[in-house]
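Undergrad: I would like to see how this sequence folds:
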Amino acid sequence: MREEGFSPSNFLELKEELEGKLSNRKDTYTKTPSVHHHHQRPEADKTTKMGKKQGRKAGNSKNKSTSPPAKERSSSPATDQSWTENDFDEMREEGFSPSNFLELKEELRTQRKETKNLEKKVEELTARLINAEKVINEMKEMKTMTREIRDKCTSFSNRLDQLEERVSAIEDQMNEMKREEKPKEKRRKRNEQSLQEVWDYVKRPNLRLIGVPESEGENGTKLENTLQDIIQENFPNLVGQANIQIQEIQRTPQRYSSRRATPRHIIARFTKVEMKEKILRAAREKGRVTHKGKPIRLTPDLSAEILQARREWGPIFNILKEKNFKPRISYPAKLSFISEGEIKSFTDKQMLRDFVTTRPALQETLKEALNMERNNRYQPLQKHAKM
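TA: Below you'll find the model as predicted:
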């Protein structure tokens, strides 16, 4: 049994328990009377045995009285061995066998294993509890953070709602201003158009001469003589007509500048519009107008906006003229030409694009000019995007 792991201290504990049981049995044996005669010998034997046991107990009690305390006994191997041998003798007499101790040993082993397993489980549960506490703390922190984020989101949402209300109010104000501005814009455009028409009407009798060289000491009389020389040189059939009466003639701008590379234009105002129209018609028919052999140009005196609108018809006008469509640009900037025996007039290029879709041959003829015009329209936007 020492090889199996039993120590004297284990048997001392068992001994104390067994002594209590043996003392109870002895009291029972002494109190029970003898009933039959043939039982007297066994009682004597029992008495003898009990005497032996009592003698051993007495010896044991002496040993106990003379032995050191429990701690000292456990530290003395000889004493433990004597106790173990006496205990074995008593236990054998009481009916204990080694198989009982083997069973106790197996039970102790089983309890040790179960204890170790329980300890492992307790350690695992402790670790799980620690992890659970960490997770709970993290969840509490996350809950706090979530609450803070929710509060911030609520505040942000409230601010957005306020901002949307403000934007909506501003949009309403802008829409109201636009509604109020539309009539004003229409009136402004009408006023501009009316002013332009009045200004163009005032300028209708005017004739603009471009490219006439300037001379020293020019005045109204000299400029009028210059105009008469131009009419005599280019339109001799108009000379001597009674309606050629010049109301006013001058250069524009009135102030001379030496930095100007080209001569200033001459504006001649006739008393009647018909005379101006005759001179312009004769200039168109002649094609080339000169002054002392140098080319000059004669145009109506129009505003810058109308002149720009007329210039935009230039490429299309030249193509139509080459194809013998007999184009004309009438006041203020209306293009007219003959198509299939009919005179067609257009105030803007979109009207012309819509019309040429019904004339495939004319569309092919003006395709390049119309595409060029469209490219020129989008080119400033492309340049702005690149910048």
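Undergrad: low-confidence ranges, the stretch 101-250 of the chain, go.
TA: For the stretch 101-250 of the chain, the stretches with pLDDT under 70 are 241-243.
Undergrad: which residues of the stretch 201-350 of the chain fall in strands?
TA: With DSSP state E, counting those that start in this stretch as the criterion, the stretch 201-350 of the chain has strands at 206-210, 246-252, 265-270, 289-291, 294-300, 328-330, 334-339, 342-346.
Undergrad: in its sheet, what does the fourth one sit against?
TA: By that I understand strand 289-291. Partners of strand 289-291 in the sheet, by DSSP bridges, are strand 294-300 (antiparallel).
Undergrad: got it, and the third one?
TA: Using DSSP bridges, the strands paired with strand 265-270 in its sheet are strand 206-210 (antiparallel), strand 246-252 (antiparallel).
Undergrad: which one of the ones you listed lies nearest to residue 338?
TA: Shortest distance between residue 338 and the strands paired with strand 265-270, using Cβ to Cβ, is found for strand 206-210: 26.8 Å. For glycine as for every other residue, the C-beta is placed from the backbone atoms N, C-alpha and C.
Undergrad: for the strands of the stretch 201-350 of the chain, which one sits closest to residue 235?
TA: strand 289-291 (8.7 Å).
Undergrad: quick one: contacts of that closest one?
TA: Outside strand 289-291, the residues that touch it by Cβ atoms under 8 Å, 6 or more residues apart in numbering are 211-213, 226, 229-230, 233-234, 283, 295-298.
Undergrad: one more: stretch 341-354?
TA: 312, 316, 330, 333-338, 355, 366, 370, 373.
Undergrad: kindly recompute the last result at 6 Å.
TA: Residues from elsewhere that reach stretch 341-354, judged by Cβ atoms under 6 Å, 6 or more residues apart in numbering: 334-336.
Undergrad: narrow these to just the buried residues.
TA: Among those, those that count as buried by neighbour count (16 or more other Cβ atoms under 10 Å) are residue 335.
Undergrad: rewinding a little: could the strands of the stretch 201-350 of the chain go into a markdown table alongside distance to residue 279?
TA: Shown next, in a markdown table, are these (distance: least, Cβ to Cβ, whole Å):
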| stretch | distance to residue 279 |
| --- | --- |
| strand 206-210 | 6 |
| strand 246-252 | 11 |
| strand 265-270 | 9 |
| strand 289-291 | 9 |
| strand 294-300 | 7 |
| strand 328-330 | 16 |
| strand 334-339 | 20 |
| strand 342-346 | 23 |
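Undergrad: any idea which of those gets closest to residue 123?
TA: strand 342-346 (98.8 Å).
Undergrad: and the closest one, what's buried?
TA: Across strand 342-346, burial judged by 16+ other Cβ under 10 Å covers 344, 346.
Undergrad: alpha carbons of that strand, as CSV, please.
TA: This file holds the C-alpha atoms of strand 342-346, laid out as CSV (Å, rounded to 0.1, in the frame of the first residue of the first chain):
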residue,chain,number,x,y,z
GLU,A,342,-39.5,81.9,-103.7
ILE,A,343,-37.9,84.5,-101.5
LYS,A,344,-37.2,83.0,-98.0
SER,A,345,-36.3,85.3,-95.0
PHE,A,346,-34.7,84.2,-91.7
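Undergrad: ok so, going back, so which of the strands of the stretch 201-350 of the chain comes closest to residue 322?
TA: strand 334-339 (11.9 Å).
Undergrad: tell me the mean pLDDT for that closest one?
TA: In this model, strand 334-339 has a mean pLDDT of 89.
Undergrad: what is it packed up against?
TA: strand 342-346 (3 or more Cβ pairs under 6 Å, 6 or more residues apart in numbering; DSSP states H and E).
Undergrad: neighbouring strands for the strand it packs on, and are they parallel or not?
TA: strand 334-339 (antiparallel).
Undergrad: residues making contact with the strand it pairs with?
TA: 313, 320, 325-329, 343, 345-347.
Undergrad: only alpha carbons, please: show that strand as PDB.
TA: Extracted C-alpha coordinates of strand 334-339, given in PDB (Å, rounded to 0.1, in the frame of the first residue of the first chain):
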ATOM      1  CA  LYS A 334     -32.500  89.500 -91.600                       C
ATOM      2  CA  LEU A 335     -31.100  87.100 -94.300                       C
ATOM      3  CA  SER A 336     -33.100  86.700 -97.500                       C
ATOM      4  CA  PHE A 337     -32.400  84.600-100.600                       C
ATOM      5  CA  ILE A 338     -34.300  82.900-103.400                       C
ATOM      6  CA  SER A 339     -35.000  79.100-103.000                       C
END
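Undergrad: for this structure, which helix is longest?
TA: helix 98-203 (DSSP state H).
Undergrad: hang on, the earlier thing: tell me the most buried of the strands paired with strand 265-270?
TA: Greatest average neighbour count among those goes to strand 206-210 (a mean of 20), per mean count of other Cβ atoms under 10 Å.
Undergrad: on that earlier part again, now the contacts of strand 334-339 as a markdown table including distance to residue 125 and pLDDT?
TA: Listed next are the contacts of strand 334-339 as a markdown table, based on distance: Cβ to Cβ, whole Å; pLDDT from 0 to 100:
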| residue | distance to residue 125 | pLDDT |
| --- | --- | --- |
| 313 | 97 | 90 |
| 320 | 101 | 90 |
| 325 | 104 | 88 |
| 326 | 108 | 88 |
| 327 | 103 | 89 |
| 328 | 106 | 88 |
| 329 | 102 | 86 |
| 343 | 106 | 90 |
| 345 | 101 | 90 |
| 346 | 96 | 90 |
| 347 | 95 | 87 |
